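>>> What shape does this take:
(2 chains)
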Protein chains: 2
Amino acid sequence: MTVQSTRTGLQLRSLVRANGQLELSLVSVPVPDPLPDEVLVRIEASPLNPSDQGLLFGAADMKTATYSGTADRPVVTATIPAERMGVVAARLDQSMPVGNEGAGVVVAAGRSDEAEALLGKRVAVIGGAMYAQYRSIKADQCLVLPEGTTAEEGASCFINPLTALGMVETMKREGHTALVHTAAASNLGQMLNKICLADEIGLVNIVRSQAQEDTLRALGAVHVCNSTSPAFMQELTAAILATGATLAFDAIGGGPLAGHILTCMEIVANRNANAYSRYGSTTHKQVYVYGRLNLKPIEVDGSFGMAWGVGGWLLWPFLQKIGAAAAQALRARIVAELKTTFASHYERSVSLAEALRPDAIADYGKRATGKKYLVTPQKGVAG
Amino acid sequence: MTVQSTRTGLQLRSLVRANGQLELSLVSVPVPDPLPDEVLVRIEASPLNPSDQGLLFGAADMKTATYSGTADRPVVTATIPAERMGVVAARLDQSMPVGNEGAGVVVAAGRSDEAEALLGKRVAVIGGAMYAQYRSIKADQCLVLPEGTTAEEGASCFINPLTALGMVETMKREGHTALVHTAAASNLGQMLNKICLADEIGLVNIVRSQAQEDTLRALGAVHVCNSTSPAFMQELTAAILATGATLAFDAIGGGPLAGHILTCMEIVANRNANAYSRYGSTTHKQVYVYGRLNLKPIEVDGSFGMAWGVGGWLLWPFLQKIGAAAAQALRARIVAELKTTFASHYERSVSLAEALRPDAIADYGKRATGKKYLVTPQKGVAG
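Residues are numbered from 1 along each chain as shown, chains lettered A, B, ... in the order given. Have a look, this model is predicted:
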């Protein structure tokens, strides 16, 4: 045991009060002694993913944010619009830790052999509450990082890599042979391009700027469609024709894009149809919305017959569905390709306190493609 | 053989020309001699279902319709908006017969025993081209109507009854226990109410007027929510709570209703949740859109987490999926309950020529709930 239970560490908390106020702050929490099957991880790096921001901001309008407290112990307060209080009804007045995944060093271990074997190792971990100096966690939830891996390299080992691999796995299991992906220049999208190039899977990337297109072309992406192009629909149809994609994963959600994708897929499906059907093609066309970068309504419009679906897709139920062995195979690939396929890039590293400053929230709150923040909880605090 | 092959009969046709013009007319076609396994049916009644209107009007804007020809041989011309020509690209310049289903008397039969056994019988038939005086069809596609059944009673034997039963069957097969239905006072909706009352299945009916609500209450419907009520969302939530419905069948499609249904389902799902989840409830909530009474975009908005789906639902792929034996069981129930559960009501009967007159098209073209037309091809023509 190298850490005493009387010691404390900082942890970032998000609290939604019944009066509609969000409060973000750092609290000092006791550092627990690990149970026999647990280890204590000193968290060195944890990404600020869009899914983390959902929990962090709790449906608040961050344009209403006010900042108080001290530089070391900042407090952010913001208002949740009345019509969005239903979203957070189940978490009222619970001070919630945040941060899905991260990486750090095991600094204490429980009595079990499995836990003790991890002592001193750098591990990747998932399970929430990672925006903290210390996180106690079951030994079997740790992924030991290969020698020479930095915490920054290992911080995003789970969510983006498993999501990218999960998309390809979903494609295979649901009988599709190629994919469309939106917001495709994201860290996740770059991983997906590398996977699809390696596995020879057709991938249609939808981006919103020339810079994003350049990023993907540099990785070797074959099909990149810029949604700001006047000929976007024709270009998307051509790319879908070339790949045969009948499945899309959409990170954006709001607006008309899902319907546009279905429409282009239907045009391709009808191109080879033998006879007119009043119900459209019999080819099932599916869009899975896995993120809501745009919180406006999803507008499903167009002419795509009756064989279509739009729905939510979430990593955890997917992993449960495929079972432990299949999920383990995905994890093994991630570790083997951590510095290549699954490399992440961060715009900026911030301490726990810096993550609550106005400039940082304004910047990462945009959830701009390719501008991910990394929380480094050991930065700027006494060790 | 009672009919000569030199004889002709009238058939309603829908033609979309490449120049964007729709043309509806009656043509005189030879009455064929039945092949050995076929019978010739003199069609007495055929409903004008929304799905027939999709084929009939071919995406044309019927406000642009012009009427010419004679009273016996009317011709209707209308313009298809340029942006909707993609929908009809696969049927350009093909003169298409219309009318999914109907009922009539077998007036000639092929040599096979199965065909000859039907001679003189009143049958229900499905397979298209029913807006015609005669329809030649395979004997095994005929459903013999019980003694004492009128053509009007048997005309809608397939689509609405099978769709209503298919909804209940889909509910069971996908693990739901109760249903939501929109445009619920329709012929189909009334059948669904009778089925659900008989089978003790929870059903939430969504209607748009007091008169529709009264219609359903008179049938014994327990849960009827009027979407024009100021408290609609609360009333829908209460009905979903009472029934446990996590599946909806939506005939309307356009607008925000699908999202509202998902939102109310999620409120109910979260009411019993033990812990807050940033991803919403884990209860899968599904809306199947089986009609597009509203052609505006489907707006999926609200707070319903990630476990949701909206998609098209079509009878024929569903019947294929469940297999011949299961489909036959549904048909047997329809015949047994044709005058009760599966009774249809028609606003007006029209001849083939009357179906193409301005007043008729303006009326049935509204697709108003409970105002269905019946085409009676023997009306007003020499026998």
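>>> Could you use CA atoms for every contact and neighbour count after this?
Noted.
>>> which element is A:Thr341 on?
Per DSSP states H and E: A:Thr341 is located in neither a helix nor a strand.
>>> Tell me which helix or strand the closest residue in space to A:Leu319 that isn't next to it in sequence sits in.
Nearest residue to A:Leu319 in three dimensions, chain neighbours excluded: A:Ala327, at 6.0 Å (Cα to Cα, 6 or more residues apart in numbering or on different chains). Per DSSP H and E: A:Ala327 is located in helix A:324-336.
>>> go on, A:Thr215?
Taking DSSP H and E as the criterion, A:Thr215 maps to helix A:210-219.
>>> still on that earlier bit, count the residues that sit near the residue nearest to A:Leu319.
Neighbour count of A:Ala327, defined by other Cα atoms under 10 Å in any protein chain shown: 17.
>>> circling back: for the helix holding A:Thr215, what is the average pLDDT?
For helix A:210-219, the mean pLDDT works out to 96.
>>> Paired strands for whatever helix or strand comes next after that helix, with orientation please.
Next helix or strand after helix A:210-219 toward the C-terminus (DSSP H and E): strand A:223-226. Counting by DSSP bridges, the strands paired with strand A:223-226 are strand A:202-207 (parallel).
>>> Let me know the angle separating the strand it pairs with from helix A:210-219.
Strand A:202-207 runs at 150 degrees relative to helix A:210-219, counting by axes from the mean of the first three to the mean of the last three Cα atoms, to 10 degrees.
>>> hmm, back to that, buried set for the helix holding A:Ala327?
A:327, A:330-331, A:334-335 (16 or more other Cα atoms under 10 Å in any protein chain shown).
>>> How about residues contacting that helix?
Helix A:324-336 is contacted from outside by A:145-146, A:157-158, A:161-162, A:165, A:319, A:342, using Cα atoms under 8 Å, 6 or more residues apart in numbering or on different chains.
>>> before we move on, back to that, output the contacting helices and strands for the helix holding A:Thr215.
When contacts are defined as 3 or more Cα pairs under 8 Å, 6 or more residues apart in numbering or on different chains; DSSP states H and E, helix A:210-219 sits against helix A:187-199, strand A:223-226.
>>> Show me what the first one is packed up against.
Same thing as helix A:187-199. If you count contacts as 3+ Cα pairs under 8 Å, 6+ apart, helix A:187-199 packs onto helix A:159-173, strand A:202-207, helix A:210-219.
>>> could the ones you listed be laid out in a markdown table, adding mean neighbour count and distance to B:His260?
Listed next are these as a markdown table, based on neighbours: other Cα atoms under 10 Å in any protein chain shown; distance: least, Cα to Cα, whole Å:
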| stretch | mean neighbour count | distance to B:His260 |
| --- | --- | --- |
| helix A:159-173 | 20 | 28 |
| strand A:202-207 | 26 | 29 |
| helix A:210-219 | 16 | 35 |
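>>> To B:Pro36, which of these lies closest?
Checking those against B:Pro36 by Cα to Cα gives helix A:159-173 as the closest, at 44.8 Å.
>>> Indicate whether the closest one makes contact with chain B.
No: taking Cα under 8 Å from any Cα of the partner chain as the criterion, helix A:159-173 and chain B are apart, separated by no less than 14.1 Å.
>>> Quick check: mean pLDDT of the helix or strand just after that helix?
On the C-terminal side of helix A:159-173, the closest following helix or strand by DSSP H and E is strand A:178-182. Averaged over strand A:178-182, pLDDT sits at 98.
>>> Would you check that A:Gly291 makes contact with A:Gly253?
Yes: the criterion here is Cα atoms under 8 Å, and A:Gly291 meets it with A:Gly253 at 6.3 Å.
>>> Who has more neighbours out of those two?
Higher neighbour count among A:Gly291 and A:Gly253: A:Gly253, with 28 against 20, using other Cα under 10 Å.
>>> Quick check: chain neighbours aside, which residue is closest to that one?
Leaving aside its sequence neighbours, A:Gly253 sits nearest to A:Arg292 (Cα to Cα, 6+ apart; 4.8 Å).
>>> The one you found in helix, strand or coil?
Counting by DSSP: H, G, I helix; E, B strand; the rest coil, the backbone at A:Arg292 sits in coil.
>>> which residues sit in contact with it?
A:251-254 are the contacts of A:Arg292 under Cα under 8 Å, 6+ apart.
>>> between these, which is nearest chain B?
A:Gly254 (8.4 Å; Cα to the nearest Cα).
>>> Contact residues of chain A facing chain B?
Residues of chain A lying near chain B by Cα under 8 Å from any Cα: A:54-55, A:86-87, A:90-91, A:267, A:270, A:273, A:275-278, A:280, A:290, A:296-303, A:305-314.
>>> Tell me which residues touch whichever residue of the stretch 101-250 of chain A sits closest to chain B, please.
Residue nearest to chain B within the stretch 101-250 of chain A (Cα to the nearest Cα): A:Gly128, separated by 11.4 Å. Residues counted as contacts of A:Gly128 (Cα under 8 Å, 6+ apart) are A:97-101.
>>> Strands - which of the residues you listed land there?
Taking DSSP state E as the definition of strands, the contacts of A:Gly128 contribute A:97, A:101.
>>> distance of A:Ala324 from A:Phe342?
Distance check for A:Ala324 against A:Phe342: by Cα to Cα, to the nearest Å, it reads 21 Å.
>>> go on, A:Thr282?
From A:Thr282 to A:Phe342 the distance is 36 Å (Cα to Cα).
>>> In strands, which of the residues of chain A next to chain B fall?
Counting by DSSP E, the part of the residues of chain A next to chain B found in strands is A:296-300, A:308-312.
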